[in-house]
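Peer 1: fold the following, please.
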Amino acid sequence: MSTFEERKAGFLAIELDDAGYGNIASAVLAAESAGFHVATFKDTPDAGRVNALQRAAFAGPVTRTIAVVPEVDTVYTEPFHVSTQLASLDYVSGGRAGWIATAAESPEAAAAVGRSFVQGEALAQEAAASIEVSRRLWDSWEDDAVIRDVATGRYIDVDKLHYADFETPADFAGPAYSVKGPSIIPRPLQGQLPVLAVASLVGEGLVPVEAVDAVLVTAPTPELLAAEVRDVRARLGSSVAIVAELDVVLDARGQTAAARSGAAGETGQARFVGSAAGLTDLLDSLLREADGVRIHPATLDVELEELSRLVLPELRRRGSLRAPIQDGTFRNVLGLAPAENRYSTTAAATVAAGK
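Peer 2: Numbers count the residues shown, from 1 in each chain. You can find the predicted model right below:
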């Protein structure tokens with residue numbers, strides 16, 4: 001990843017769930033048309049609703065530039081299945097998938113899958129193990145493992161498939177497990193999907209910094225958000241992207257933001273309530289500190305109308321917001337280099353040959 005000093009224009013993400021939009025296709029296409037770089041999908045346990053990863057998989061094929069990034073829990077899900085489902089998402093989206101790795105402190109989720117309730121430091125252990133399993137499995141197929149050799153009747157080169165050989169560490173608080181591998185599907189188009197997590201889950205004694213590509217940062221108020229971004233960057237270093245979290249309620253459709261804000265539930269994170277011009281100034285200043293900002297609109301169709309008409313065009317005019325990347329990947333959005341394969345025999349042979 002490029003260093004913070006080299007970054008100029010930032011990116012914007014938008015959360016598409018819990019915002020009154022019933023049609024995922026319409027929502028993600030509207031966000032893409034507005035110029036957002038990333039669409040995220042929250043995994044709330046609403047009865048009768050498919051999970052965030054499935055909704056992202058539906059959104060992927062109907063879009064061309066916007067990244068689709070679901071929340072997927074690391075505690076009460078099977079790491080092998082999480083890995084393969086995310087790899088499949090990368091294929092259906094054309095290399096625009098990512099993963100917000102969450103660690104749910106939820107007795108209800110534990111009861112639903114029949115396992116003990118996980119809390120405290122054990123949550124970070126579960127998250128770190130699940131992320132490591134996925135990364136190993138994504139690399140368990142080399143990029144050129146599929147050969148389709150009709151003459152010899154071989155579809156794959158078995159020498160380019162590798163065991164993940166993961167085992168939970170001795171001090172693992174939850175039930176120990178192991179994953180042998182290899183994966184059941186080829187390596188994702190991006191090689192490694194970008195992994196995001198909340199900043200409080202990452203650091204010394206938690207999820208290792210090198211395990212994630214970006215962190216989500218929040219604060220109690222918008223005024224404190226820039227300072228929190230600086231603190232997190234100082235703690236974690238420049239190897240990870242910083243994404244600021246911001247709830248947004250705007251003046252719209254003849255109503256003031258203050259009047260509309262009463263209907264928006266409290267989330268505990270920074271909330272901007274005001275005009276499109278005021279939000280533009282705030283985002284302009286935040287994008288000088290953070291690599292990107294994720295907007296949580298109070299009502300998606302209402303806020304998105306104002307954002308696409310008044311906010312994003314002005315941010316691009318000021319040079320603080322980059323243009324969408326045509327035919328790019330989510331790794332491109334984050335400024336990540338192509339992902340090397342830890343098991344690659346091709347790379348090992350090149351090194352051995354001194355090339």
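Peer 1: distance of residue 185 from residue 80?
Peer 2: Per Cβ to Cβ, to the nearest Å, residue 185 is found 11 Å from residue 80. (C-beta placed from N, C-alpha, C; glycine too.)
Peer 1: what pLDDT, on average, does stretch 255-265 get?
Peer 2: If you average the pLDDT over stretch 255-265, you get 85.
Peer 1: other residues contacting that stretch?
Peer 2: The contact list for stretch 255-265 (Cβ atoms under 8 Å, 6 or more residues apart in numbering) reads 247, 249-252, 271, 273-275, 298-299, 302.
Peer 1: change it to 7 Å
Peer 2: With contacts defined as Cβ atoms under 7 Å, 6 or more residues apart in numbering, stretch 255-265 is touched by 249-251, 273-274, 298.
Peer 1: just stretch 151-169 next, same as before
Peer 2: Contacts to stretch 151-169, defined as Cβ under 7 Å, 6+ apart, come from residues 129, 132-133, 136-137, 140-142, 144-148, 176-182, 343, 345.
Peer 1: give the buried residues for it.
Peer 2: Residues 156, 160-162, 164, 166, 168 are the ones in stretch 151-169 that count as buried (16 or more other Cβ atoms under 10 Å).
Peer 1: got it, and stretch 217-227?
Peer 2: Residues of stretch 217-227 classed as buried under the neighbour-count rule (16+ other Cβ under 10 Å) are 217-219, 222, 225-226.
Peer 1: gap between the two ends of it?
Peer 2: For stretch 217-227, the first-to-last residue distance is 10 Å (Cα to Cα, to the nearest Å).
Peer 1: what of stretch 42-50?
Peer 2: One end of stretch 42-50 sits 11 Å from the other (Cα to Cα).
Peer 1: my read: residue 140 touches residue 184, true?
Peer 2: No - using Cβ atoms under 7 Å, residue 140 makes no contact with residue 184, being 9.7 Å away.
Peer 1: just the strands in the stretch 1-150 of the chain please.
Peer 2: 11-15, 38-41, 67-73, 99-102, 146-149 (DSSP state E, counting those that start in this stretch).
Peer 1: which of those strands sits closest to residue 335?
Peer 2: Closest approach to residue 335 among these (Cβ to Cβ): strand 11-15, 9.5 Å.
Peer 1: contacts for that closest one?
Peer 2: 31, 36-40, 42, 243, 292-297, 312, 321-322, 333.
Peer 1: looking at those, which are in helices?
Peer 2: 31, 312, 333 (DSSP state H).
Peer 1: of those, which is the nearest to residue 101?
Peer 2: residue 333 (17.6 Å).
Peer 1: low-confidence regions, this structure specifically.
Peer 2: Along the chain, the parts satisfying pLDDT under 70 run over 1-7, 18-22, 45-48, 263-265, 346-355.
Peer 1: okay, helices next: where are they in the stretch 1-150 of the chain?
Peer 2: Under the criterion DSSP state H, counting those that start in this stretch, the stretch 1-150 of the chain contains helices at 24-34, 52-59, 79-92, 107-113, 121-139.
Peer 1: any chance of those helices in a markdown table, plus mean neighbour count and distance to residue 191?
Peer 2: Shown next, in a markdown table, are the helices of the stretch 1-150 of the chain (neighbours: other Cβ atoms under 10 Å; distance: least, Cβ to Cβ, whole Å):
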| stretch | mean neighbour count | distance to residue 191 |
| --- | --- | --- |
| helix 24-34 | 19 | 24 |
| helix 52-59 | 22 | 19 |
| helix 79-92 | 20 | 9 |
| helix 107-113 | 13 | 30 |
| helix 121-139 | 23 | 7 |
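Peer 1: got those as TSV, with distance to residue 190 columns?
Peer 2: Converted to TSV, the helices of the stretch 1-150 of the chain look like this (distance: least, Cβ to Cβ, whole Å):
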stretch	distance to residue 190
helix 24-34	19
helix 52-59	15
helix 79-92	6
helix 107-113	29
helix 121-139	9
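Peer 1: what does the residue of the chain most remote from its centre show for phi and psi?
Peer 2: Distance from the C-alpha centroid of the chain, by Cα atoms, centre = their mean, peaks at residue 151 (41.9 Å). Dihedral pair for residue 151: phi -60, psi -40, per degrees, to the nearest 10.
Peer 1: returning to what we had before: of residue 140 and residue 184, which one has the most company?
Peer 2: Using other Cβ atoms under 10 Å as the criterion, residue 140 and residue 184 rank with residue 140 on top: 27 against 13.
Peer 1: sec struct for the closest residue in space to the more buried one that isn't next to it in sequence, please.
Peer 2: The shortest distance from residue 140 to any residue other than its chain neighbours is 3.5 Å, reached at residue 182 (Cβ to Cβ, 6 or more residues apart in numbering). Under DSSP: H, G, I helix; E, B strand; the rest coil, the three-state class of residue 182 is coil.
Peer 1: just the buried subset of the contacts of stretch 151-169, please.
Peer 2: Applying 16+ other Cβ under 10 Å to the contacts of stretch 151-169 flags 129, 132-133, 136-137, 140-142, 145, 179, 181-182, 343 as buried.
Peer 1: pick out the most distant pair among those.
Peer 2: 129 and 145 (25.3 Å).
Peer 1: list the contacts of the nearest residue to residue 228 once chain neighbours are set aside.
Peer 2: Spatially, and ignoring its direct neighbours in sequence, residue 228 is nearest to residue 219 (4.2 Å; Cβ to Cβ, 6+ apart). Contacts for residue 219 (Cβ under 7 Å, 6+ apart) come out as 225, 228, 270.
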